[in-house]
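# Predicted model and sequence follow; I will ask about them next.
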Amino acid sequence: MTAGDSAVIVEFEERIDAAVNSRVVALARSIQTARLGGVLDVVPTFRSVAVYFDPLRTDFDALSDRLQHAAAEARAVAATPSAPIRIPVWYGGAFGPDLAEVARFAGLTEAEVIARHSAPVYRVFMLGFVPGFAYMGTVDPTIAAPRRSTPRVKVPSGSVGVAGGQTGVYPAETPGGWQIVGRTPLRPFELSRAEPFLLKAGDHVQFYPIVGDQFDIAGWQDGRIAEK
């Protein structure tokens, strides 16, 4: 469907689902790879793809035909698992002020919450909110605590949060209402890097706990993925 005179949106099934999202990502990559004249941006979400274009430089009929063809092909694409990007997290304490609250919600110890948060391999469904913020799922339902009733005015960069079935990493200091269970020294978004975004839609992520001097901001400042 069109969204004004300079955008078109392709929608898939209305649910948060890895199979649906894999088709979304496949469609978005197909359009990005095609490098169609006049296309300005391609934005995948949980279950749709928005294509922004310059109406003065774009053959809309050709774009529509390409989208219909690519969407039909994307429906047949199976999700291809990728090796997970491993993200270190210092859980609890000053870095995870809501870990105790999540433990109370779950009826578990803090150590059990950490184990359940770091066990799954999460899918990056989409990026949004601020540059580099990846919406990942699905969180173990026992620790899927709802958002805080009162959001914080400032959530530090690198904070790892839980909100219902989703988890994510704050790429910058912003307001936020997710339950903060830890912090990572990695930077999800850094303009000085050759690739500013650490994560993209369709990636897979696994968190792992670190302690003590493993949380070395200087040693991780370039955002490289390596275990210490």
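It's in.
# What segments of this structure are helices?
18-34, 60-74, 99-106, 110-118, 217-220 (DSSP state H).
# Dump the ones you listed to a markdown table, plus mean pLDDT and mean neighbour count.
All C-beta atoms are positioned from the backbone trio N, CA, C, and that covers glycine. Formatted as a markdown table, these follow (pLDDT from 0 to 100; neighbours: other Cβ atoms under 10 Å):
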| stretch | mean pLDDT | mean neighbour count |
| --- | --- | --- |
| helix 18-34 | 91 | 19 |
| helix 60-74 | 86 | 15 |
| helix 99-106 | 98 | 18 |
| helix 110-118 | 98 | 19 |
| helix 217-220 | 47 | 12 |
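# Nearest approach to residue 146 belongs to which of these?
Minimum separation from residue 146 across the helices of the chain (Cβ to Cβ) falls at helix 99-106, 8.2 Å.
# elements contacting that closest one?
If contacts are counted by 3 or more Cβ pairs under 8 Å, 6 or more residues apart in numbering; DSSP states H and E, helix 99-106 sits against helix 110-118, strand 179-183.
# got JSON lines for these, with distance to residue 47 too?
Listed next are the helices and strands packed on helix 99-106 as JSON lines, based on distance: least, Cβ to Cβ, whole Å:
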{"stretch": "helix 110-118", "distance to residue 47": "25"}
{"stretch": "strand 179-183", "distance to residue 47": "25"}
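# closest to residue 89 out of these?
strand 179-183 (4.1 Å).
# quick one: the residue nearest to residue 141 when sequence neighbours are not counted and residue 54, what's the gap?
Closest residue in space to residue 141, ignoring its immediate chain neighbours: residue 165 at 7.2 Å, by Cβ to Cβ, 6 or more residues apart in numbering. As judged by Cβ to Cβ, to the nearest Å, residue 165 and residue 54 stand 37 Å apart.
# Ok, residue 18 next?
For residue 18, the distance to residue 54 equals 33 Å [Cβ to Cβ].
# go on, residue 153?
Noted for residue 153: a distance of 38 Å to residue 54, by Cβ to Cβ.
# Contact partners for the residue lying closest to residue 154 once chain neighbours are set aside?
Distance criterion Cβ to Cβ, 6+ apart; nearest residue to residue 154, sequence neighbours excluded, is residue 173 at 5.6 Å. By Cβ atoms under 8 Å, 6 or more residues apart in numbering, residue 173 lies in contact with 154, 155, 156, 157.
# can you tell me which of those residues are in strands?
Among these, the members falling in strands (DSSP state E) are 154, 155.
# Can I get the buried part of the contacts of residue 173 as one ChimeraX selection?
This is how ChimeraX selects the buried members of those, with burial counted by 16 or more other Cβ atoms under 10 Å:
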select :155,157
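# Identify, from the contacts of residue 173, the entry nearest to residue 12.
residue 155 (31.1 Å).
# how many neighbours does residue 146 have?
Using other Cβ atoms under 10 Å, residue 146 is surrounded by 12 other residues.
# surely it meets residue 165?
No: with contact defined as Cβ atoms under 8 Å, residue 146 does not reach residue 165; the gap is 10.2 Å.
# circling back to that earlier point, please tabulate the contacts of residue 173 in JSON lines and include pLDDT and distance to residue 102 as additional columns.
Output for those, formatted as JSON lines (pLDDT from 0 to 100; distance: Cβ to Cβ, whole Å):
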{"residue": "154", "pLDDT": "97", "distance to residue 102": "20"}
{"residue": "155", "pLDDT": "97", "distance to residue 102": "15"}
{"residue": "156", "pLDDT": "97", "distance to residue 102": "18"}
{"residue": "157", "pLDDT": "96", "distance to residue 102": "21"}
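# tell me which of the contacts of residue 173 is nearest to residue 37?
Nearest to residue 37 among the contacts of residue 173, counting by Cβ to Cβ, is residue 157 at 37.9 Å.
# Many thanks, we can stop here.
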